[in-house]
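*Asks:* this one's structure only:
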């Protein structure tokens, strides 16, 4: 049988004897060390910071998150190269596109971009899947020439689920992928999606 | 012992240790379950094949099971075991009522079993750590009341005049968890398996994270601090370092913690003043949290040699260190600019596991190494095995949190990287996943080590139990009854707090006032004033099919990996579109802002892809997003949408203030069928798929295509802004 009246067998260090309180809870005793100084100051500093922060942002001149966002977005906007038509991202010029179309390194690079961004919807060979076939003579938006493809890729067709790639791709990626898509014309891959849009006649 | 007490006749009594044994065993069993499910979830993130294409085993459904099991089953049973053991001794009184103890034990186990039988089947409210549906919510309330009566009844009958600091923390736990659970669970049932919360959008977000954060505070912190205050001095045979520090850090912790919830919602559509309060109070919380760690660790002064050899102290000292680490990291993550980087990433996962595995886990293990030999009057079978447990699990935790810190910070930095032309360097979310995926294997390995250590403990405790001497007699104790007539000298003199420690009802009411004050100031304005949603708002409520899809989104636990909240941060706006507006989720019962982005944000995914993209994506995510780690959802293509129940769902929504006309309520099923037919026809234009319009996939597509689609609202908001943010999407 345990006797709860036995004095506790706790170890008391020599510097603690004066601090021992007359508390005994089932053998648990308590010392009355003062609050650690650094802890008190840490607490006080946090409270002062808190009051200052609230004052600055809730009643003072501190900007709101929306204002900070507008500022940051304006800075990002300023980084963007000037765009010809005011849409997000500029479209490559006809010469740039033609140059890329004639350059095998550009086409290879375009293929890489195509694989990561376009393949999911247009198929690995441009045969069409979720999006339309890119290899036949039929085009839904524009005539399928380099400039029209560049326009669709840049601005997208959001209502049909084609995202605008202008804000995502770099200028080089964009012209190269357009050139690559154009190079797919007439390849007639297996499992091609049936024609959609209007038939076009191609000169180049 | 004062002289007055000596004149009282001695009373003889015995403690109820059987209930402590039962809760301890339950802690061990559910701990094993929680850790195992955690490892399965970790492996599923490392390799999506491990979802097995089975609905009930898929990550979105298992993750809530893991969190609920860890917090409420493992943590809950550990708390009950420790509280019942220590309270009896601190009060020198047997538990108030043995029957209530039994009801508490079996009731809690039934609640856990019902959680395990509902969550994997998609029966959920879709609110984190409050997923359990309304019948279980009621059961939790009842059992908590039983616990409260049993606890406060024991305090009422105590033979020790003053309440020790451990009891203060238990009081705070019981009072606050009751308030949190009841306020957050106000919901209207649709059926036995479903309900909608009365709060929506911003309100729901605020209430939910007030609850969610304080579940951490008052379920995983205050009760464990109480246990620490009991078991560390007991195991070390040392007096508590500073009584004064106990008082200051207890009251400041209780008062400040309750305000900190909105730090989960920084840069969201939550009103800014609430965000500011959330951040500031979290920073102020650092010192009160550390008060507990300091008091615990300095109690070990002069006994550090014992920490090396005694498993109990070794685990507890380490758990306090993890506690100190997590409670420093918490305020740090609450600073807005740090939250901007860390929120929605694995950094948060590292943070919570430092807390749960390190603090709650190790404290519980330390307690079990103390309790099992004490309850069975024997010695621990093997200190060597306890050491193996300690090191295996410690290395496991370190691998876990270091890999998740790395993953979180890596992903956070990648997501915000902007190049010299103002473009995102990694525009595809999946690029970040490819980079961090290897770390998911390390995390899973760390978790496995933690579990391995735990299993060593199970064996060690089993062998200890076998060593117990047979035919043990019930121990009897003696103490004088507490005189109800409080002697004058004791009542009217001495420090005020010392007097308060003798007044259980007054103490409990003060705690209640302390937590209600912060809660009311923070939550009531948003609940009462609807200014966050302008009266002439152009937001259209969901169509019946969209609502059906939304419920499926919740059932599948999509919110566990996808947020629906574009923060007021450039990287979010560049990637996902215009920052989310508060009124966009004003009819969302419950809100689905999410807390983690294992996949991209979906707030404006509507119209971003064609229906066919979603169709293929849910069937095989990798067919449209190579390297995606999302599970497959084949059952959505077989299971049928329940159209008939939509009338009931619409009428509940109507009663909650969503502006549906009576006509719309009545015709909801037909309206839904018509919309489903349209989508199905669009999907199968070339080769019609039979009965597609009845399938769940169609409802999900309808919902996803609706997200962020409030064109009138967005145009209006753009005009009203002085400096409109450039729209990139």
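*Replies:* Sure thing, it's come through. These numbers were taken from a predicted model, which means no experiment stands behind them.

*Asks:* Give the burial count for residue B:419, as a bare number.
*Replies:* Per other CB atoms under 10 Å in any protein chain shown, the neighbour tally for residue B:419 reads 10. The way it works is simple: take the backbone N, C-alpha and C, and place the C-beta from them, glycine included.

*Asks:* quick one, what contacts residue B:614?
*Replies:* B:700-701, B:704-705 (CB atoms under 8 Å, 6 or more residues apart in numbering or on different chains).

*Asks:* Sort out for me which of those residues are in helices.
*Replies:* B:700-701, B:704-705 (DSSP state H).

*Asks:* out of these, who's nearest chain A?
*Replies:* residue B:705 (9.8 Å; CB to the nearest CB).

*Asks:* Relative to residue B:502, how far out is the nearest residue to the closest one once chain neighbours are set aside?
*Replies:* Spatial nearest neighbour of residue B:705, chain neighbours left out: residue B:606 (4.8 Å); criterion: CB to CB, 6 or more residues apart in numbering or on different chains. According to CB to CB, to the nearest Å, residue B:606 and residue B:502 sit 62 Å apart.

*Asks:* Repeat that for residue A:56.
*Replies:* In terms of CB to CB, residue A:56 sits 44 Å off from residue B:502.

*Asks:* between these two, who's got more neighbours?
*Replies:* residue B:502 (18 against 13).

*Asks:* was I right about residue B:427 contacting residue B:575?
*Replies:* Yes. Residue B:427 is within contact range of residue B:575, at 7.1 Å (criterion: CB atoms under 8 Å).

*Asks:* Compare neighbour counts for the two and give me the winner.
*Replies:* residue B:575 (22 against 16).

*Asks:* Can you name the residues that contact that one?
*Replies:* Residue B:575 makes contacts with B:415, B:424, B:427, B:429, B:600-601, as judged by CB under 8 Å, 6+ apart.

*Asks:* most surrounded residue in the ones in helices among the contacts of residue B:614?
*Replies:* residue B:701 (29 neighbours).

*Asks:* quick one: what helix or strand has the closest residue to that one other than its chain neighbours in it?
*Replies:* Leaving aside its chain neighbours, residue B:701 sits nearest to residue B:614 (4.8 Å; criterion: CB to CB, 6+ apart). If you go by DSSP states H and E, residue B:614 is part of helix B:611-619.

*Asks:* Okay, buried residues for that helix please.
*Replies:* B:611-618 (16 or more other CB atoms under 10 Å in any protein chain shown).

*Asks:* follow-up on the earlier one: Serialize the ones in helices among the contacts of residue B:614 to JSON lines and add fields for pLDDT and distance to residue B:322.
*Replies:* As requested, the ones in helices among the contacts of residue B:614 are exported to JSON lines (pLDDT from 0 to 100; distance: CB to CB, whole Å):
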{"residue": "B:700", "pLDDT": "98", "distance to residue B:322": "40"}
{"residue": "B:701", "pLDDT": "97", "distance to residue B:322": "44"}
{"residue": "B:704", "pLDDT": "97", "distance to residue B:322": "40"}
{"residue": "B:705", "pLDDT": "96", "distance to residue B:322": "45"}
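
*Asks:* For residue B:508, give its distance to residue B:666.
*Replies:* From residue B:508 to residue B:666 the distance is 50 Å (CB to CB).

*Asks:* where does chain B have low pLDDT?
*Replies:* Applying pLDDT under 70 to chain B picks out residues B:1-7, B:484-493, B:529-537, B:686-687, B:711-729.

*Asks:* show me what contacts residue B:707?
*Replies:* So residue B:707 contacts B:564, B:602-606 (CB under 8 Å, 6+ apart).

*Asks:* What about those residues, which one has the most neighbours?
*Replies:* residue B:603 (27 neighbours).

*Asks:* That residue contacts residue B:572, correct?
*Replies:* No. Counting by CB under 8 Å, residue B:572 is not a contact partner of residue B:603; they are 9.2 Å apart.

*Asks:* shared neighbours, the two?
*Replies:* Here residue B:603 and residue B:572 share the contacting residues residue B:566, scored by CB under 8 Å, 6+ apart.

*Asks:* which element is residue B:125 on?
*Replies:* When elements are assigned from DSSP H and E, residue B:125 belongs to no helix and no strand.

*Asks:* What is the burial count for it?
*Replies:* Residue B:125, neighbours per other CB under 10 Å, totals 24.

*Asks:* From residue B:189, how far out is it?
*Replies:* From residue B:125 over to residue B:189 (counting by CB to CB), the distance is 11 Å.

*Asks:* Common neighbours of these two, please.
*Replies:* In contact with both residue B:125 and residue B:189: B:134, B:195, using CB under 8 Å, 6+ apart.

*Asks:* closest to residue B:526 among the ones in helices among the contacts of residue B:614?
*Replies:* Relative to residue B:526, the closest of these is residue B:704; by CB to CB it sits at 28.1 Å.
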